[in-house]
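Trainee: Mind looking at a prediction? Sequence and model below.
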Amino acid sequence: DAGITQSPRHKVTETGTPVTLRCHQTENHRYMYWYRQDPGHGLRLIHYSYGVKDTDKGEVSDGYSVSRSKTEDFLLTLESATSSQTSVYFCAITRASTLGDEQFFGPGTRLTVL
Amino acid sequence: QQQVKQSPQSLIVQKGGISIINCAYENTAFDYFPWYQQFPGKGPALLIAIRPDVSEKKEGRFTISFNKSAKQFSLHIMDSQPGDSATYFCAASAPQTGANNLFFGTGTRLTVIP
């Protein structure tokens, strides 16, 4: 499981409220990622981090912000949640392998915005 | 637009049969092509991956076939088993140093009938 935990695992919130999802890793990986998974779209990259305080946008970053103050934690924040952000959110890390860098995913957080 | 196109959307195969899932891409900068397997309620798990310097890679019952000129790659599951019933995602990336921003297909739900 690449030592990745996500919290909370499930959350129901209301439109307009702020939400923060946490990804925690125990193996000191430099790169961390946030994806969202929606039917008909597969997984899409929201933001990623290449080190403490170093982050960049992905394909679907609008409405999301991230922070990484420690190597082990990568936070995803929805400043004002909307119904379109109802989704399953996955965190991932990159681990070196014989093929190069490979991504491994956490267990996911199911977010419902009412 | 979808950078990686995956088909079929769903697939039903008899136990012992061959499951074939196809993916196509346009970006010739892609040089890493993984397949992920996902069971309900779980995160995607890396199944097998290939780089374009080889045309085929086999791991157990799973084989990736890669056609660089056609910009297509496929996953073959030999002797399909009910335990293979899951959603499969192809992906592609053009890795920068240490990073691996994946573009995913939309997924194929495989059902293997006993």
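Mentor: Here it is on my side, so go on. Numbers count the residues shown, from 1 in each chain, chains lettered A, B, ... in the order given.

Trainee: Shouldn't residue A:93 be within a strand?
Mentor: Yes - secondary structure assignment (DSSP: H, G, I helix; E, B strand; the rest coil) places residue A:93 inside a strand.

Trainee: for chain A, what helix or strand is lowest in average pLDDT?
Mentor: Across the helices and strands of chain A, mean pLDDT, DSSP states H and E gives its lowest value to strand A:100-105, namely a mean of 85.

Trainee: Next, the buried residues of that strand.
Mentor: Under the neighbour-count criterion of 16 or more other CB atoms under 10 Å in any protein chain shown, strand A:100-105 has A:101, A:102, A:103, A:104, A:105 buried. Placement of C-beta: from N, CA and C, glycine included.

Trainee: cool, stretch A:71-79 as well?
Mentor: Using 16+ other CB under 10 Å as the test for burial, stretch A:71-79 gives A:72, A:74, A:75, A:76, A:78.

Trainee: Tell me who's in contact with residue 112.
Mentor: Unless you meant another one, I'm taking chain A. By CB atoms under 8 Å, 6 or more residues apart in numbering or on different chains, residue A:112 lies in contact with A:11, A:12, A:13, A:86.

Trainee: that's the other chain; I wanted chain B
Mentor: B:12, B:13, B:14, B:15, B:17, B:19, B:80, B:81, B:82, B:83, B:84, B:85.

Trainee: from those residues, which is closest to residue A:110?
Mentor: residue B:85 (21.1 Å; CB to CB).

Trainee: This completes my enquiry, with thanks.
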